[in-house]
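S.K.: Sequence and predicted structure are below.
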Amino acid sequence: MPTHPPEPFRIKMVEPIKLIPREQRHSALIGAGYNLFRMNAEDIFIDLLTDSGTGAMSQEQWSALMLGDESYAGSRSFNRLARTMEEIFGFKYFIPTHQGRAAENILCAILLKEGQSIPSNTHFDTTDANIRARKGRPVNLVVDSAYDPTDKSPFKGNMDLVKLENFISQTGAAKIPFGMLTITNNAGGGQPVSLNNIKSVSAIYRKHNIPFFIDACRYAENSYFIKLREPGYLDISTREIAREIFALADGATMSAKKDGNVNIGGFLAMNDGDLFLRAGNELILREGFLTYGGLAGRDLDAIAVGLKESLEEEYLSYRLAQTEYLANKLNEIGIPIMNPPGGHAVYIDAKAFLPHIPQHQYPAQALSIELYLEGGIRSVEIGSVMFAYPDPETKDMIYPSLELVRLAIPRRVYTQSHLDFVVETLTKIATRKDNIHGLKIIEAPELLRHFTAWFKPLES
Ligand code: F0G
């Protein structure tokens, strides 16, 4: 019987949520064009759409907001964040941004030219789209085990080093303005990357003089996975592990909405002074001055506190155990999921759960719609809606290997009974799963279509 960890906090403020009647859920879905991003949050009971910006801040973070210094330039808040950045990441420079994709945009704006490629283990949606938007090519070189939801390897987020070497020699380092690594690998199930792998990736990029940027969104969870799973790290603190990771890179992009545990914020960090100047100019043009980016001073203070709290091991041990609790319960009732579970979410393998729905009819989208209809639960599709793109030459659709429904767990927000309700809902759906139909897309933009597409259910 899986056990849920006792939360290392108690609840001081509550936000009511409500399960609206089934007929109303059905009408809400129709109104939203069967796209859960288009729904009103008040029509959602348990919102597992994302762990991004949806966490509960601590009393220390709320207190820090009150100290926010809103000076346009050189604020105390910026200096406090800079000290935390130095302690945790150790990069020479950073610029605050309003969220992760703004950092990605700036990095691509100053380094990426048309026709160039950016390798990573797996780029997440906005990184992928920011590269495509500048006519670059995002390339995913994760280990093959990442594509097998039943493979229990401990570090399924690892870069495949042979694929990376081959890719660089075929493409030529001159056509790779920077290389990336996403920790943890969100598009591939929230799987961690081992420190050993990060060392090797760094060595390969350095050998070819390719600047190495880490997508650090969930670096604290990744660091804690290293502590638990990688031989030799059990007695090393998560904070030291994080230091070791970032010492291997030339810079990082981060959405602080994940392991910064804030509702808004991010940064782009680097060691190269020239790059910092160029990034700073781009920031001033589009986001804001060097010492606030697109944020208020108080936001910088909340990030400074949140970054430190996210590295606390008591919190991390609860966080990963909560995700594991949900995963174990779903394993117990036979729902196929990506195993072992990731840090921030449980990913249902929709291809295995709904084998009668072909990829072009979006099985993961169909399952996410059922989760809402049955239990008012909002999840997110990470499959062909999010990641199928036409081949640039043949225009044939290239479908991703995985069709996943992600149940992302906001930090410090939901309790064991909420997760039990998710399990009960999936138990009910499983009894009638053969009658679930796919969908078709009626209207969608070219990039990041999952956010705004309109769907229609197929009747049979
Ligand atoms: N990189 C990764 C790995 C992410 O998961 C995200 C966001 C971003 C970059 C972009 O950050 O949203 O602050 O601009 N992922 C969210 C999610 C939205 O639901 O997983 P952002």
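M.R.: Right, received. Where do you want to start?

S.K.: List the contacts of the residue in the stretch 151-300 of the chain that the ligand sits nearest to.
M.R.: Nearest residue of the stretch 151-300 of the chain to the ligand: S255, at 3.0 Å (CB to the nearest ligand atom). To be clear about C-beta, it is placed using only N, CA and C from the backbone, and glycine gets the same treatment. Contacts for S255 (CB atoms under 8 Å, 6 or more residues apart in numbering) come out as S52, Q99, G100, R101, A103, C217, G265, G266.

S.K.: Show me the contact partners of stretch 122-136.
M.R.: 100-101, 104-105, 108-109, 112-118, 120, 137-138, 140, 142, 146, 157, 180, 182, 185-188, 215, 217, 253, 386-387, 389, 447-448, 450.

S.K.: do that stretch and the ligand meet?
M.R.: Yes: looking at stretch 122-136 against the ligand by CB under 6 Å from any ligand atom, the contacts come from F124, T126, T127.

S.K.: Please apply the same query to stretch 171-186.
M.R.: Yes: using CB under 6 Å from any ligand atom, stretch 171-186 reaches the ligand at T182, N186.

S.K.: In that stretch, which residues are buried?
M.R.: Residues I176, P177, F178, G179, M180, L181, T182, I183, T184, N185, N186 are the ones in stretch 171-186 that count as buried (16 or more other CB atoms under 10 Å).

S.K.: First-to-last residue distance for it?
M.R.: Counting by CA to CA, to the nearest Å, you get 26 Å between the two ends of stretch 171-186.

S.K.: Averaged pLDDT, that stretch. What do you get?
M.R.: Stretch 171-186 comes out with an average pLDDT of 98.

S.K.: so how far is that stretch off the chain centroid?
M.R.: Relative to the centre of its chain, stretch 171-186 is centred 17 Å away, using CA atoms, centre = their mean, to the nearest Å.

S.K.: returning to that earlier point: with distance to S58, pLDDT and neighbour count as extra columns, can I get the contacts of S255 in TSV?
M.R.: Below are the contacts of S255 laid out as TSV (distance: CB to CB, whole Å; pLDDT from 0 to 100; neighbours: other CB atoms under 10 Å):
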residue	distance to S58	pLDDT	neighbour count
S52	18	98	20
Q99	20	97	22
G100	21	97	27
R101	26	97	19
A103	24	98	34
C217	19	98	28
G265	15	98	30
G266	19	98	28
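
S.K.: Go back to these and keep what's next to the ligand.
M.R.: Answer for those near the ligand (CB under 6 Å from any ligand atom): S52, Q99, G100, R101, C217, G266.

S.K.: Tabulate the residues you listed (TSV), appending secondary structure and distance to R80.
M.R.: Listed next are the ones next to the ligand among the contacts of S255 as TSV, based on DSSP: H, G, I helix; E, B strand; the rest coil; distance: CB to CB, whole Å:
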residue	secondary structure	distance to R80
S52	coil	23
Q99	coil	20
G100	helix	21
R101	helix	25
C217	coil	22
G266	strand	17
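
S.K.: Just name the closest of these to I357, please.
M.R.: S52 (27.5 Å; CB to CB).

S.K.: Grab the nearest non-local neighbour of that closest one.
M.R.: Excluding the flanking residues, the one nearest S52 by CB to CB, 6 or more residues apart in numbering is K257, at 4.4 Å.

S.K.: burial of that neighbour, as a residue count?
M.R.: By other CB atoms under 10 Å, the residues close to K257 number 25.

S.K.: hang on, isn't it packed against G266?
M.R.: Yes: counting by CB atoms under 8 Å, K257 does reach G266; the two are 7.1 Å apart.

S.K.: and for these two, which residues touch both?
M.R.: Counting by CB under 8 Å, 6+ apart, the contacts common to K257 and G266 are Q99, G100.

S.K.: hmm, back to that, tell me the SS of the residue nearest to S52?
M.R.: At K257, secondary structure determined by DSSP: H, G, I helix; E, B strand; the rest coil is coil.

S.K.: OK, contacts around E381?
M.R.: Going by CB under 8 Å, 6+ apart, E381 touches Y362, A364, Q365, S368, L404, V405, R406, H450.

S.K.: hmm, 10 Å instead?
M.R.: By CB atoms under 10 Å, 6 or more residues apart in numbering, the contact list for E381 reads 35-37, 350, 362-369, 387, 403-406, 450.

S.K.: quick one on the thing from earlier: for the residue of the stretch 151-300 of the chain closest to the ligand, give its distance to I88.
M.R.: Distance from S255 to I88, counting by CB to CB, to the nearest Å: 15 Å.

S.K.: Next: V305.
M.R.: Per CB to CB, V305 is found 12 Å from I88.

S.K.: Among the two, which residue is more densely surrounded?
M.R.: The residue with more neighbours, out of V305 and I88, is V305; 24 against 20, by other CB under 10 Å.

S.K.: Make sure the more buried one is actually in contact with W62.
M.R.: Yes: with contact defined as CB atoms under 10 Å, V305 and W62 form a contacting pair (9.3 Å).

S.K.: ok, longest helix in the chain?
M.R.: helix 313-332 (DSSP state H).

S.K.: so how far is the worst-scoring helix or strand of the chain on mean pLDDT from its chain's centroid?
M.R.: Within the chain, judged by mean pLDDT, DSSP states H and E, the helix or strand with the poorest mean is strand 389-390; its value is a mean of 88. Distance of strand 389-390 from the chain centroid (CA atoms, centre = their mean) equals 22 Å.
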